[in-house]
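Peer 1: let's see this in three dimensions:
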Amino acid sequence: MTKSSLHFKKLSSSQHRIIGFWLLMMFAYFAYLGLTDESLSILVLSGITNLFLLPLYWTIFKQEEMNNRVSNPVEHFRIENNLVIIGDSKLPLEKVKRVAIDVQDNIAYCSLPFNHIKPGIFPNFSFASEQADELKRHIGLKLPSVTIIE
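Peer 2: Below is the predicted model of the structure:
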């Protein structure tokens, strides 16, 4: 396999959908050009494409948020062997200084915004808002030196 085909396989299914939709829009534009001999300005073409892509981006964002939801936040946020473990992410205990917990519209969000795994990517998850106080107590007991940001 070539390098470009390997890179394409690393894309997520949502990225595949966006690229596929964009290619479909380009095909429709070229079909329009072939049938009418009229072209659209780049501004009109960009506007039409964005009108169709924005709802797709919104549904992908909501789907990713649902995929990041956990049923038991206390089990998801663990401390073992001097490591803070959030899902698959492992961080050294001494590097975790602040944990953000926020509640909005019956959904609670927990993240470590000051502990990036990769540039722009940090451990986070969402859960039922009724469990927010329980998670705060759990973090307070296990990590008394950590500041909880609300």
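
Peer 1: below-threshold pLDDT in the chain: ranges please.
Peer 2: By pLDDT under 70, the low-scoring segments of the chain are 1-12, 14, 63-67.

Peer 1: helices along that one, start to end?
Peer 2: 3-9, 13-36, 42-67, 73-76, 132-142 (DSSP state H).

Peer 1: select the longest strand from the chain.
Peer 2: For the chain, the longest strand by residue count, based on DSSP state E, is strand 98-104.

Peer 1: and that strand, which residues are buried?
Peer 2: Buried residues in strand 98-104, counted by 16 or more other Cβ atoms under 10 Å: 99, 100, 101, 103. In short, each C-beta sits where N, CA and C put it, glycine included.

Peer 1: same question, stretch 134-147
Peer 2: Burial within stretch 134-147, assessed by neighbour count using 16+ other Cβ under 10 Å, is assigned to 135, 136, 138, 139, 143, 146.

Peer 1: and for stretch 54-71?
Peer 2: In stretch 54-71, counting by 16+ other Cβ under 10 Å, buried: 60, 70.

Peer 1: mind saving the C-alpha coords of it as PDB?
Peer 2: Output in PDB follows, covering the C-alpha atoms of stretch 54-71 (Å, rounded to 0.1, in the frame of the first residue of the first chain):
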ATOM      1  CA  LEU A  54     -22.800  22.700   8.900                       C
ATOM      2  CA  PRO A  55     -25.600  20.300   9.800                       C
ATOM      3  CA  LEU A  56     -23.300  17.400   9.200                       C
ATOM      4  CA  TYR A  57     -20.700  18.900  11.500                       C
ATOM      5  CA  TRP A  58     -23.300  19.500  14.200                       C
ATOM      6  CA  THR A  59     -24.500  15.900  14.100                       C
ATOM      7  CA  ILE A  60     -20.900  14.600  14.200                       C
ATOM      8  CA  PHE A  61     -20.200  16.900  17.200                       C
ATOM      9  CA  LYS A  62     -23.300  15.600  19.100                       C
ATOM     10  CA  GLN A  63     -22.400  12.000  18.200                       C
ATOM     11  CA  GLU A  64     -18.900  12.400  19.600                       C
ATOM     12  CA  GLU A  65     -20.300  14.000  22.800                       C
ATOM     13  CA  MET A  66     -22.600  11.000  23.200                       C
ATOM     14  CA  ASN A  67     -19.700   8.600  22.600                       C
ATOM     15  CA  ASN A  68     -17.700  10.300  25.300                       C
ATOM     16  CA  ARG A  69     -20.500   9.900  27.900                       C
ATOM     17  CA  VAL A  70     -19.800   7.400  30.800                       C
ATOM     18  CA  SER A  71     -22.300   5.800  33.100                       C
END
